[in-house]
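**Q** take a look and give me a structure for this.
(2 chains)
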Protein chains: 2
Amino acid sequence: MTKVAIIGAGPCGLSALRSFEQAEKNGEKIPEIVCFDKQEDWGGLWNYSWRTGSDQYGDPVPNSMYRYLWSNGPKECLEFADYSFDEHFGKPIPSFPPRAVLYDYILGRVKKGNIKSKIKFNTSVTNVSYVNSNFEVTYRDKKNDKISKDIFDYVIVSTGHFSVPFIPEYPGMKSFPGRIMHSHDFRDAEEFRGKNVVVLGSSYSAEDVALQCHKYGAKSVTIGYRHNPMGFKWPKGMKEVFHLDRLEGNKAIFKDGHVQEADAVILCTGYLHHFPFISEDLKLKTGNRLYPPMLYKGVVWQNNHKLMYLGMQDQFHTFNMFDCQAWFARDVIMGKIKVPNDSEIEKDINKWVSMEEKLENPEQMIDFQTEYTKELHDLSDYPKINFELIRKTFKEWEHHKVENIMTYRNKSFASPVTGSVGPIHHTPWEEAMDDSLKTFLNK
Amino acid sequence: MTKVAIIGAGPCGLSALRSFEQAEKNGEKIPEIVCFDKQEDWGGLWNYSWRTGSDQYGDPVPNSMYRYLWSNGPKECLEFADYSFDEHFGKPIPSFPPRAVLYDYILGRVKKGNIKSKIKFNTSVTNVSYVNSNFEVTYRDKKNDKISKDIFDYVIVSTGHFSVPFIPEYPGMKSFPGRIMHSHDFRDAEEFRGKNVVVLGSSYSAEDVALQCHKYGAKSVTIGYRHNPMGFKWPKGMKEVFHLDRLEGNKAIFKDGHVQEADAVILCTGYLHHFPFISEDLKLKTGNRLYPPMLYKGVVWQNNHKLMYLGMQDQFHTFNMFDCQAWFARDVIMGKIKVPNDSEIEKDINKWVSMEEKLENPEQMIDFQTEYTKELHDLSDYPKINFELIRKTFKEWEHHKVENIMTYRNKSFASPVTGSVGPIHHTPWEEAMDDSLKTFLNK
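**A** Residues are numbered from 1 along each chain as shown, chains lettered A, B, ... in the order given. The predicted structure follows:
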């Protein structure tokens, strides 16, 4: 019997498990599946853990999730085609839910079936090699500190790329008399109440961590960008300055001459695509980009078509894109989709990669990823979903952010699955301090 | 040619490298040696790094060192027999130096030779297996993310056991609105100025982290012990209470009914003996104890005499004990010491293990480890050193701590190597805020 290893039970791994479950429900004979996850429960980064650094078994904590995270994009853009928000919650809900609500939603559709029994929790994959036309997968049972090895026909890598921080060094860090940390270890904005916080970065983490620190009472928040500022209209108490030059004592000195006293420096400097467990010939090496090379249709490893990577793209589209990728991977594995010959693969990858390299602004990037996801969608039986509405929603959302970074989360959008429009939330985001599911859904 | 892999270039790994260098100086033909270290420089935990969590290559940071660490034992007890403090510093220095001074000393003797060229830095060993009468050692060049494999005749594991924290969970941690961290990630007591700090633990980390937080201005320090209190006469602002029951909001509630508001909870809950890279049959599994089983003379792996572990003991004796172990391991590898037959090994290990299990107090533990180190010392040509003086010094030091935990570091002791007596330091420890080498040595 064909055996498939899925590495990781976060959103992408769960998409893969769900895709096979749906085929089985349609009466198809599916392969034997083993999913490995190093955490003790499913949901990947949508699990919140107070832990940072190492877990109780001495393994690095993969989790980057923090308290008080509200979705930074409309939930309508990430909705599953086969399981709507309306179906899960029994009613339309507002467009920007906090973490606990999204976590509940993600797990909702997989809880219904027999999926959890296929997952080995507390198990970290330590090696994947291709030997004699099969994959040798070595894994460690963390609880019992026991190493085992199994053979698989296919491997799906769904380990995410927001788990392993990239942490650069700046002069003066060694003697800075305060806290230096990466956003990966950020857990609770309340720790920074009354503090002068310096945030380094200009992407989603920097934006959200900075806003959170401000919202929960930091004395000042100074964001240092390196290439381009985010350029939002920051509220009083926040500012964006150019590139940290060095720390001197407790002072952060920026290249534009700005000097700021700092109690904490939070490095929102991004994450690594990090696969230390995969042998050289199978390893994706890429920065965070919309079309990582070496992946046919963004999924199938160019040099070995029995290896798949899910969700390795820089992302506007998320959960429903992961689904489209998972359904595509499933059909390749089950022989319903034939991968073309090497030169056609090469041509197809090059086409997308060279398109990506010409993109100049967020609107073009949204278009690019919508086109990619639509193409993938057409290749499988993943249910219908209105990608044109998603495209439009992403663009409106971008405009809302530019208009007012403090209020964009108070808007509402229409579902690309059911068409229902999310109600305006009962409390504006800036005043909503409690991030519980209960408070969000009721009142 | 015989090939030896040394894993780790901290104090134990450097002892091993030094032991072979000394044999070579005596005209002996030594094996080919490769030492692997995952940090970018030598010195193991005596390196200070501001980093916590992951390093710049996505690897867990092994470092547990923090600023303002002063030796918590007399330097005379850890002195190298072949390289005295007097020789290194050119004069007697006080007995309780800060980290930078000890770091300088540790590296002093290895800098003189050609030792550094034998170390592959930024290289983490990912697998050690015994195959066809040899060791297969797989390692990752972290900078280039490249995996390689080599064959060795002997492996010396000197990776330490203060790198991988043990982090238990208590009820309420998930919703505690403050900072929770392990002492492994403690870097700077100044972060806790004006804060209510709860420290959990009752061993060296708890003692020192608690004292540091107090010394650098914490509002209150509450230490929760689980089995036995440390029982020192804590200064005003510090107290020791019984066992954390739970956190409720920002309150720490202890099993003795004590309730304490907390801004931060620091888990000083110890470290794991953690060797995820070693195959089952070769892996030491032990808690932190004076005589881990399966190690002949505390060094040679019982089931494979070509594998050695250094420094895996709970420690009163440190650097000179590591030296005695390294010299012993070297002589086993070079055939100068013959390992006896299995039943004698079994008998010898059992003798020590059963003696250990009868120990009742610190004095007996000091005696036990002094006897062990002396026996090991007699087996090699490691230079003469006065272990009876070290034994006496340890016992006096214990008494000084009981007398006054705030002043024991102001005492001075005699060198077991040169006999010279360390001068009293110019500044009492409680008032010494600057931990630099310059300030300590001059003034």
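
**Q** what about A:Ala252, which helix or strand?
**A** In the assignment (DSSP states H and E), A:Ala252 maps to strand A:251-254.

**Q** please identify the buried residues of that strand?
**A** Of the residues in strand A:251-254, A:252-254 count as buried by neighbour count, 16 or more other C-beta atoms under 10 Å in any protein chain shown. (Glycine included, C-beta is placed from N, CA and C.)

**Q** what do you get for stretch A:35-48?
**A** So for stretch A:35-48, counting by 16+ other C-beta under 10 Å, buried means A:35-39, A:42-48.

**Q** which ones among the residues you listed lie within strands?
**A** Judged by DSSP state E, the subset of those located in strands is A:35-36.

**Q** near chain B, from the buried residues of stretch A:35-48?
**A** A:Tyr48 (C-beta under 8 Å from any C-beta of the partner chain).

**Q** and which of the buried residues of stretch A:35-48 is nearest B:Pro97?
**A** Nearest to B:Pro97 out of those is A:Lys38 (C-beta to C-beta; 40.7 Å).

**Q** pretty sure the closest one is touching A:Ile119, no?
**A** No: contact criterion C-beta atoms under 8 Å: A:Lys38 and A:Ile119 do not qualify, at 11.1 Å.

**Q** ranges for the strands of the stretch 301-443 of chain A?
**A** With DSSP state E, counting those that start in this stretch as the criterion, the stretch 301-443 of chain A has strands at A:307-309.

**Q** so where's the stretch 151-300 of chain A uncertain?
**A** Low-confidence segments of the stretch 151-300 of chain A, defined by pLDDT under 70: none present.

**Q** which residue, other than its chain neighbours, is closest to A:Trp70?
**A** Nearest residue to A:Trp70, sequence neighbours excluded (C-beta to C-beta, 6 or more residues apart in numbering or on different chains): A:Pro98, at 4.9 Å.

**Q** I'd say the one you found and A:Ser71 touch.
**A** Yes: counting by C-beta under 8 Å, A:Ser71 is a contact partner of A:Pro98 at 7.5 Å.

**Q** out of the two, which sits in the busier spot?
**A** A:Pro98 (20 against 17; other C-beta atoms under 10 Å in any protein chain shown).

**Q** contacts only, for that one.
**A** Counting by C-beta atoms under 8 Å, 6 or more residues apart in numbering or on different chains, A:Pro98 makes contact with A:68-71, A:432, A:435-437, A:440.

**Q** mind giving me the packing neighbours of the strand holding A:Ala252?
**A** If contacts are counted by 3 or more C-beta pairs under 8 Å, 6 or more residues apart in numbering or on different chains; DSSP states H and E, strand A:251-254 sits against strand A:220-225, strand A:244-248, strand A:259-261.

**Q** pick the most deeply packed of these.
**A** strand A:220-225 (a mean of 23; mean count of other C-beta atoms under 10 Å in any protein chain shown).

**Q** smallest gap between the stretch 251-400 of chain A and chain B, at which residue?
**A** Using C-beta to the nearest C-beta, the closest approach of the stretch 251-400 of chain A to chain B is made by A:His274 at 4.2 Å.

**Q** show me chain A divided up by domain.
**A** Using the TED database, the domain ranges for chain A come out as A:3-164+A:271-394, A:169-267.

**Q** could you report the neighbour count for the single nearest residue of the stretch 101-250 of chain A relative to chain B?
**A** Nearest to chain B, among the residues of the stretch 101-250 of chain A, is A:Val164, at 3.9 Å (C-beta to the nearest C-beta). The tally of other residues near A:Val164 (other C-beta under 10 Å) stands at 23.

**Q** which one among the buried residues of stretch A:35-48 gets closest to A:Phe135?
**A** A:Phe36 (12.4 Å).

**Q** how near is the closest one to A:Ile147?
**A** 13 Å (C-beta to C-beta, to the nearest Å).

**Q** what do these two both touch?
**A** With C-beta under 8 Å, 6+ apart, A:Phe36 and A:Ile147 have common neighbours A:Tyr139.

**Q** quick one, strands of the stretch 101-250 of chain A?
**A** According to DSSP E, counting those that start in this stretch, the strands that the stretch 101-250 of chain A contains are A:119-120, A:123-131, A:134-141, A:146-152, A:154-157, A:179-182, A:196-200, A:220-225, A:238-242, A:244-248.

**Q** chain B contacts on the stretch 201-350 of chain A?
**A** A:272, A:274, A:276, A:279-280, A:283, A:285.

**Q** farthest pair in those residues?
**A** A:Leu272 and A:Ser279, at 17.9 Å, using C-beta to C-beta across these.

**Q** part of a strand, is A:Ser95?
**A** No: counting by DSSP: H, G, I helix; E, B strand; the rest coil, A:Ser95 is not part of a strand but coil.

**Q** from the stretch 301-443 of chain A, which residue is nearest to chain B?
**A** Counting by C-beta to the nearest C-beta, the stretch 301-443 of chain A gets nearest to chain B through A:Ser436 (9.9 Å).

**Q** tell me, how many residues neighbour the closest residue to that residue other than its chain neighbours?
**A** Counting by C-beta to C-beta, 6+ apart, A:Ser436 lies nearest to A:Ala100, which is 6.0 Å off, once chain neighbours are set aside. The number of residues packed near A:Ala100 is 19, by other C-beta under 10 Å.

**Q** verify the stated contact: A:Glu191 with B:Phe176.
**A** No: in this structure A:Glu191 lies outside contact range of B:Phe176 using C-beta under 8 Å: 10.4 Å.

**Q** neighbour count winner among those two?
**A** It is B:Phe176, of A:Glu191 and B:Phe176, that has more neighbours when counted by other C-beta under 10 Å, with 25 against 22.

**Q** for that one, give me its contacts.
**A** Contacts for B:Phe176 (C-beta under 8 Å, 6+ apart) come out as A:50, B:247, B:249-250, B:262, B:265.

**Q** derive a ChimeraX selection command for the buried subset of those residues.
**A** In ChimeraX, this line selects whichever of the contacts of B:Phe176 come out buried by 16+ other C-beta under 10 Å:
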select /A:50 /B:247,250,262,265
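
**Q** next, format the contacts of B:Phe176 as JSON lines and append distance to A:Val128.
**A** As requested, the contacts of B:Phe176 are exported to JSON lines (distance: C-beta to C-beta, whole Å):
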{"residue": "A:Trp50", "distance to A:Val128": "31"}
{"residue": "B:Leu247", "distance to A:Val128": "40"}
{"residue": "B:Gly249", "distance to A:Val128": "44"}
{"residue": "B:Asn250", "distance to A:Val128": "44"}
{"residue": "B:Ala262", "distance to A:Val128": "43"}
{"residue": "B:Val265", "distance to A:Val128": "38"}
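
**Q** which one of the contacts of B:Phe176 is nearest B:Glu79?
**A** B:Val265 (37.0 Å).

**Q** just to be sure, the closest one is in a strand?
**A** Yes: read with three-state DSSP, B:Val265 is one of the residues of a strand.

**Q** bridging residues for it?
**A** In this entry, B:Val265 is beta-bridged to B:Ile180, B:Val198, by DSSP bridges.

**Q** how far away is it from B:Thr222?
**A** 10 Å.

**Q** now list whatever residues contact both of those two.
**A** B:197-198, B:252.

**Q** wait, A:Trp46 touches A:Met65, no?
**A** Yes: using C-beta under 8 Å, A:Trp46 is in contact with A:Met65, at 6.6 Å.

**Q** now do the shared contacts for those two.
**A** A:Arg99.

**Q** so where is the stretch 301-443 of chain A shaky, pLDDT-wise?
**A** A:443.

**Q** roughly how far apart are the residue of the stretch 101-250 of chain A closest to chain B and B:Ser54?
**A** 6 Å.

**Q** lovely, talk soon.
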